[in-house]
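>>> Predicted model, plus sequence, below.
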Amino acid sequence: MKEKLIKTMDLKNSMYLKFYDNSKKLAGDRWLVSLIVRMEIPVAEVSINDEGKSMVSVVSIVSLFSNPVLPSMAKNRR
């Protein structure tokens with residue numbers, strides 16, 4: 001079975017969670033139940049400063065990628 005979107009939850013901070021069913025039938029009446037939760041986190045203009053060492057812009061690092069949104073994912077299987 002392919003991933004199937006089962007729910008989208010809007011959060012108070014204008015972000016959202018997406019819940020996917022990724023369960024698979026194994027043999028007979030046995031299933032591997034798998035839930036995937038995804039959230040996209042937009043990158044803001046933030047800098048990292050390690051006690052006076054050189055400043056590195058997170059945005060300049062993320063600009064190396066094609067999308068300024070960091071995907072976050074959690075899986076749970078039973």
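Happy to help now that I have it.

>>> ranges for the strands of this structure?
With DSSP state E as the criterion, the chain has strands at 4-10, 16-21, 24-25, 31-32, 34-42, 47-48, 56-57, 69-77.

>>> which other helices and strands contact the third one?
Under the contact criterion of 3 or more CB pairs under 8 Å, 6 or more residues apart in numbering; DSSP states H and E, strand 24-25 touches strand 31-32. No exception for glycine: its C-beta is placed from N, CA and C like everyone else's.

>>> what's the answer for the fourth one, then?
For strand 31-32, the helices and strands in contact under the criterion 3+ CB pairs under 8 Å, 6+ apart are strand 24-25.

>>> go on, the fifth one?
If contacts are counted by 3+ CB pairs under 8 Å, 6+ apart, strand 34-42 sits against strand 16-21, strand 69-77.

>>> Neighbouring strands of that strand in the sheet, and parallel or not?
Sheet pairing here is set by DSSP bridges, and for strand 34-42 it gives strand 16-21 (antiparallel), strand 69-77 (antiparallel).

>>> Okay, now the unreliable bits of the protein?
Filtered on pLDDT under 70, the chain yields the residue ranges 1, 43-71.

>>> The same query, at a cut-off of 80, please.
The model of the chain has pLDDT under 80 over residues 1, 41-78.

>>> residues in contact with the closest residue to Met9 other than its chain neighbours?
Computed as CB to CB, 6 or more residues apart in numbering, the closest residue to Met9 that is not its neighbour in sequence is Leu17, at 4.5 Å. Contacts here follow CB atoms under 8 Å, 6 or more residues apart in numbering; on that basis Leu17 touches 8-9, 11, 37-39.

>>> One more: Met39?
Neighbour list for Met39: 15-18, 71-73 [criterion: CB under 8 Å, 6+ apart].

>>> Of those, which is the nearest to Glu3?
Nearest to Glu3 among these, counting by CB to CB, is Lys18 at 9.9 Å.
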